[in-house]
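Novice: What follows is a predicted protein model with its sequence.
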Amino acid sequence: MKIPIRNIYYLLCYAWGHVGEGETVDVGSEKFGGLVDLFAKVLNEGVSRLVSRGLDRDYLSIHEDIRGLKGKLDLATTIKRNLLLNGKTHCAFDELSYDVSQNRILKATLHSLTLVTTLDPAERRRTERLYRKLDAVSDVRLTASLFRTVQIHRNNRFYNFLLHLCRIIYENLLVNEEEGTAQFRDFREDEHQMGLVFQQFVRTFCERETDYRVSAPRINWFGAEGSKTDLRHLPGMQTDIVLRSPERTIIADTKFYKHPLVTSQFGGRRVRSGHLYQIFAYVTNWAAEASSHDPEPEGWLLYAAVNGDFDYRFELVKRRIRACSIDLSQKWREIETDLRKLVDGGE
């Protein structure tokens, strides 16, 4: 399944909850040779903005041998090292610095991008220039734990968008340390990773663009009996998205597969049986727990698709089931329009 590169960017902006920040970079009018060119452009634009308006700073605790006194004197260390003989003391003090985790991540990611052999030459030169501008920031190795050290607050919230971008670059960059080169993995074919992105996109879109109350509750097995030990072996029913209004309850399970439907031995396309059993179990158990005033739940299997879409509706044991898709190969505004029509277009 090959989704246009610029659509991946918009999907991620929704998935990360940064639609507004994502619109600050115009990617609709350009052609990109690969995902890495897109991400490099967006990161470069973001870092350039930060450099122009001033990078984030914070007070760091410094422990250092200095001449004279500054901050708090560490007398024990000073005496132990005989620093007074050289006119020095060991002191602890706070210093306002650009060398904070969020800037280290940006610099490390810029450096990693310069190693990608397939990166557009013009974007590589811009990446290298921005890397050199961060000379007040330490060079560090990019690790998953480094991302957990960042503190985002109201005054530096734009960093959150860029750090999401750095994280996805980090997770998909394959570095050859012996040769000093790197390759970027095109994760558009990764059904698991793209499935999570698609799910979060649909959920955020519904939160922003519809009047439904959006949640993702766990559904209990109605009337299940057995010992606590045995009941623990029942599969969980964790919903992806539940849309609720006074008139409707939609239990939607999002799916991302290269081939959403399966081809039967007679040549026809069919809904995957496991998916149909899953959504039927969801609506059946939800309905059993609901009060008489609640609307009858609808079960949706919402697939990502390319090169065409489908919309099949069934009533199974009086439960309304729908298998439908959003074509992610079309222009982004058409994707937004189609999803809005799908959700708000009536039963």
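Specialist: Received it, and whenever you're ready, just let me know what you need. Numbers count the residues shown, from 1 in each chain.
Novice: In the stretch 151-300 of the chain, mark out all the helices, start to finish.
Specialist: Using DSSP state H, counting those that start in this stretch, the helices assigned to the stretch 151-300 of the chain run over residues 158-172, 191-209, 228-231, 273-289.
Novice: Between those, which one is closest to residue 8.
Specialist: Checking those against residue 8 by Cβ to Cβ gives helix 191-209 as the closest, at 8.1 Å. In short, each C-beta sits where N, CA and C put it, glycine included.
Novice: Mean confidence (pLDDT) on stretch 157-170, please.
Specialist: Here stretch 157-170 scores 91 as its mean pLDDT.
Novice: Restricting to C-alpha, output that stretch in PDB.
Specialist: What follows is stretch 157-170, C-alpha atoms only, in PDB (Å, rounded to 0.1, in the frame of the first residue of the first chain):
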ATOM      1  CA  ARG A 157       5.100  23.600  23.200                       C
ATOM      2  CA  PHE A 158       6.200  23.900  19.600                       C
ATOM      3  CA  TYR A 159       9.100  21.600  20.500                       C
ATOM      4  CA  ASN A 160       6.500  18.900  21.100                       C
ATOM      5  CA  PHE A 161       5.700  18.700  17.400                       C
ATOM      6  CA  LEU A 162       9.400  18.700  16.400                       C
ATOM      7  CA  LEU A 163      10.200  16.000  19.000                       C
ATOM      8  CA  HIS A 164       7.500  13.800  17.600                       C
ATOM      9  CA  LEU A 165       9.200  14.200  14.200                       C
ATOM     10  CA  CYS A 166      12.600  13.400  15.700                       C
ATOM     11  CA  ARG A 167      11.200  10.300  17.300                       C
ATOM     12  CA  ILE A 168       9.800   8.900  14.100                       C
ATOM     13  CA  ILE A 169      13.000   9.600  12.300                       C
ATOM     14  CA  TYR A 170      15.000   7.900  15.100                       C
END
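Novice: Show me the contact partners of that stretch.
Specialist: Outside stretch 157-170, the residues that touch it by Cβ atoms under 8 Å, 6 or more residues apart in numbering are 12, 16, 18, 21-22, 36, 39, 42-43, 46-47, 49-50, 56, 102, 105-106, 109, 112-113, 142, 144, 147, 150, 152, 184.
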